[in-house]
Each structure stands twice: as structure tokens, then as C-alpha cells.
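Student: sequence below, structure please.
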Amino acid sequence: TASYLEGRVVNADEEAYYDRPTRSERRESLYQHCVRAIEHSMPRGAHGLPLMGTGDWNDGMNRVATRAVAKASGSASSCTTCCCVSCHWRRRRDAAFAARCTATAAALRSNLDQHGWDGAWYRRAYFDDGTPLGSAGGAECQIDAIAQSWSVLSGAADASRQRQAMHALDQRLVRRDAGLVQLLDPPFDQTPLDPGYIKGYVPGVRENGGQYTHAAVWAAMAFAELGDATRAWEL
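Tutor: Residues are numbered from 1 along each chain as shown. Next up, the predicted model:
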């Protein structure tokens with residue numbers, strides 16, 4: 001068994017806080033820790049996609065969801081991956097949770113297909129007001145690498161869209177002249193939208209249109225998953 005980390009609840013006027021957490025007196029199995037983590041990710045917004053919170057993987061997008069209703073298509077793919085391992089829950093004889101995960105994964109796939117697809121690649125998220133992020137119709141952050149890579153790694157997208165999404169990533173985000181894979185493009189700069197502190201970075205630096213190693217590796221893994229060894233090794 002293992003303890004949890006324990007801290008005070010985030011206040012209504014805060015999005016986060018820095019503190020030193022303590023170990024909880026409550027101890028549960030690693031299995032139960034995993035169940036709680038997956039259950040925490042299950043609530044969904046109006047488009048049936050997971051809530052983004054204060055930035056999901058990209059914590060620099062901490063103001064996309066100021067009212068806790070923004071949805072992330074990138075998170076939908078990764079959540080689908082977690083829910084698809086229902087065989088593990090069955091082995092634990094947790095049939096009810098296995099059934100819940102299977103149903104959630106199916107719903108996420110459908111919602112991702114309906115609301116996450118932008119026409120040539122997958123959108124990154126939706127702002128609270130319904131404005132898409134990672135869409136060709138936007139002036140900045142038209143495409144985000146994470147949503148494309150995880151559509152493949154999760155198996156949540158159909159095969160044709162997986163290949164189309166990764167082709168867009170290759171064309172829009174792989175900078176062979178500079179030897180890097182951009183996280184997103186174009187960088188945030190002049191848009192009136194406020195995605196978060198990511199906008200405080202100079203365009204092309206760190207998460208704001210630069211290379212971030214996690215995302216670059218995920219892109220290489222996605223090409224490998226598609227059987228494109230040439231691009232996988234190149235990246």
C-alpha cells in the first residue's frame with residue numbers, strides 16, 4: 001500500500017498554489033491509486049471531452065479553462081488509453097469498473113471524432129466560450145503536436161485520420177532546417193485570447209512554439225506506431 005499526498009483545497013479565487021504537501025494517513029493499494037486517478041479524469045464538458053483544468057500536460061495553458069469547462073482533445077486521447085486497459089480491471093475482478101472504463105473509452109472515441117477533428121488534424125482544446133484551440137481557423141496555435149501524436153498512440157482515432165494528422169504534424173511542425181519539432185505553430189503573440197502563461201514566453205521559446213522533448217519523442221513514437229520507420233528514426 002502507499003499513502004497519498006495531502007494538502008488544502010484550492011480556494012475559489014486561486015487556480016493553484018505552492019506548498020509542501022504531507023503524507024496522508026490513508027493508505028491504499030497501487031491499484032486503488034490508479035482507479036482514483038482515472039476516475040478524477042472522467043468528468044467531461046459540453047463536447048464530451050475531458051476537462052482541461054489548469055493546463056493538463058501543458059501547464060502553460062493554465063487559463064484556457066478559467067471556469068473549469070474547457071475541454072481538451074489531447075487529453076481525450078490519453079484518457080482513452082487509460083480506459084482501454086479494462087483487461088487489467090477484469091483480472092482484478094473489478095467488473096463494474098472495467099465496464100465503466102469500456103463505456104467511457106467508447107464515448108471518448110466518438111466525441112473525439114465528432115468534436116476534435118478540424119478537417120486535416122485534431123484540435124488541441126476548446127476555450128470556456130467554445131472557441132477551438134489548435135484549429136486552422138485561428139490566427140495562432142493552429143496545430144499542436146500533442147493532439148496529433150496521441151490520436152495515434154491511444155488508438156482513439158481511425159487509421160485514415162491518424163495518418164492525415166501525422167502528415168500535418170510532419171508538414172507544419174517538423175523544422176528540418178533547424179533540426180527540431182515544434183510543439184505548436186504559429187506561436188502565441190498578438191491574439192486577444194489568453195491561453196495562459198505560455199503567452200509570456202517569446203514566440204518560438206519553450207512551449208510557445210519551440211521544441212519540447214516530451215512532445216518530440218511522442219511524435220517519433222507515433223510515426224513508429226504507424227510503421228513509418230524512416231520518419232521515426234529521423235525525429
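
Student: so where is the protein shaky, pLDDT-wise?
Tutor: Residues of the chain meeting the criterion pLDDT under 70: 55, 66-92.

Student: biggest helix in it, by residue count?
Tutor: Of all the segments assigned as helix in the chain under DSSP state H, the longest by residue count is helix 95-111.

Student: contacting residues around stretch 187-196?
Tutor: Here stretch 187-196 makes contact (Cβ atoms under 8 Å, 6 or more residues apart in numbering) with 55, 59-64, 127, 131, 133, 138-141, 198-199, 203-204, 208-209. For every residue, glycine as well, the C-beta is placed using N, CA and C.

Student: give me the buried entries from the residues you listed.
Tutor: Of the members of the contacts of stretch 187-196, the ones counted as buried by neighbours, 16 or more other Cβ atoms under 10 Å, are 55, 60-64, 127, 133, 138, 140-141, 198-199, 204, 208-209.

Student: and the two most separated of these?
Tutor: 127 and 204 (22.9 Å; Cβ to Cβ).

Student: quick one on the thing from earlier: what is the longest helix of the chain packed up against?
Tutor: When contacts are defined as 3 or more Cβ pairs under 8 Å, 6 or more residues apart in numbering; DSSP states H and E, helix 95-111 sits against helix 73-83, helix 86-91.

Student: may I see the buried residues of stretch 177-186?
Tutor: Taking 16+ other Cβ under 10 Å as the basis for neighbour counts, the residues of stretch 177-186 that come out buried are 180-186.

Student: those strands in the protein, which residues are they?
Tutor: Under the criterion DSSP state E, strands of the chain are mapped to 2-6, 22-28, 71-72, 125-126, 132-133, 143-144, 174-175, 180-181, 184-185.

Student: of all the ones you listed, which one is nearest residue 45?
Tutor: It is, among those and with distance given as Cβ to Cβ, strand 71-72, at 4.1 Å.

Student: mind listing what the residue lying farthest from the centre of the chain touches?
Tutor: When each C-alpha in the chain is compared with the mean C-alpha position (Cα atoms, centre = their mean), residue 25 comes out farthest, at 31.6 Å. Shown in contact with residue 25 (Cβ under 8 Å, 6+ apart): residue 3.

Student: and it, how far from residue 4?
Tutor: Taking Cβ to Cβ, to the nearest Å as the measure, residue 25 falls 9 Å from residue 4.

Student: please apply the same query to residue 12.
Tutor: 23 Å.

Student: compare those two (neighbour count), which wins?
Tutor: Neighbour count, other Cβ atoms under 10 Å: between residue 12 and residue 4, residue 4 has more, with 15 against 5.

Student: got the CA positions of stretch 128-140 in CSV?
Tutor: Coordinates of the C-alpha atoms in stretch 128-140 are reproduced here as CSV (Å, rounded to 0.1, in the frame of the first residue of the first chain):
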residue,chain,number,x,y,z
ASP,A,128,-14.6,28.1,-22.0
ASP,A,129,-16.5,30.2,-24.6
GLY,A,130,-16.4,27.4,-27.1
THR,A,131,-13.5,28.8,-29.2
PRO,A,132,-11.4,26.0,-30.6
LEU,A,133,-7.7,25.9,-29.9
GLY,A,134,-5.4,24.2,-32.4
SER,A,135,-7.7,25.0,-35.3
ALA,A,136,-6.8,26.1,-38.8
GLY,A,137,-9.4,28.9,-38.4
GLY,A,138,-7.3,30.5,-35.6
ALA,A,139,-4.5,33.1,-36.1
GLU,A,140,-2.2,31.4,-33.6
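
Student: what does that stretch rub up against?
Tutor: Counting by Cβ under 8 Å, 6+ apart, residues outside stretch 128-140 touching it are 46, 61, 64-67, 69-70, 73, 118-127, 141-144, 147, 184, 186-191, 193, 195.
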